[in-house]
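Participant: Need coordinates for the following:
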Amino acid sequence: MKAFALILAMMFVTSAPSTVYTFKLKNIDGKDFSLSKYKGKKLLIVNTASKCGFTPQYAELQKLADQYKDKVVVVGFPANNFGGQEPGTNTDVKEFCQKNFGVTFPLSEKVSVKGDDIAPIFKYLTAEPNPDFTGEIKWNFEKFLIDENGKLIHRYRSAVKPLSEEITKEL
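Facilitator: Take a look at the predicted model:
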């Protein structure tokens, strides 16, 4: 019986996600997409919202995406977890981002970044050990820097601007 339990435990451990490339995602248009197409580049994953004090960071995220396009891909994950600050539909979010900030970097469909319905990728990211901190996302525009192999290397709170030296020195 102990051997069976050990085998089951090993199966669970080996089936746990090891990189961000293992998650099934949908883009803002509802189409399947995978972060694995960005292997070899860093990723900056950001939970976003359209009606937040940090919303102007969309402009810096786009500038970062343009300026460092050979090194990093920015991916936005709209979420309505904090103060109802992302109330619109996926279409509303996409139009808002394009009209107000010229966003061309990839956006996922709206997801939940905390709570019982947390998206699996954010459950993974908030549990992964890293040199910064782990645990629940506190607000919109937290950033997760992923290395070229799909592993979390740094996490930044909302107030850290996308073009800050804190982030750009890692690119």
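Participant: Pull out the buried positions in the strand or helix carrying residue 75.
Facilitator: Using DSSP states H and E, residue 75 maps to strand 72-78. The neighbour-count check on strand 72-78 (16 or more other CB atoms under 10 Å) flags 72, 73, 74, 75, 76, 77, 78 as buried. Where C-beta positions appear, they are placed from N, C-alpha and C, glycine not excepted.
Participant: Show the contacting residues for the closest residue to residue 32 other than its chain neighbours.
Facilitator: Of all residues not flanking residue 32 in the chain, residue 26 sits nearest, at 6.1 Å (CB to CB, 6 or more residues apart in numbering). Contact analysis of residue 26 by CB atoms under 8 Å, 6 or more residues apart in numbering lists 32, 33, 108, 109.
Participant: and the third one, backbone torsions?
Facilitator: This means residue 108. With angles defined as degrees, to the nearest 10, residue 108 sits at phi -90, psi 170.
Participant: Name the residues that touch the helix or strand containing residue 167?
Facilitator: Following DSSP H and E, one finds residue 167 within helix 165-168. Here helix 165-168 makes contact (CB under 8 Å, 6+ apart) with 44, 64, 68, 143, 145, 154, 156, 160, 161.
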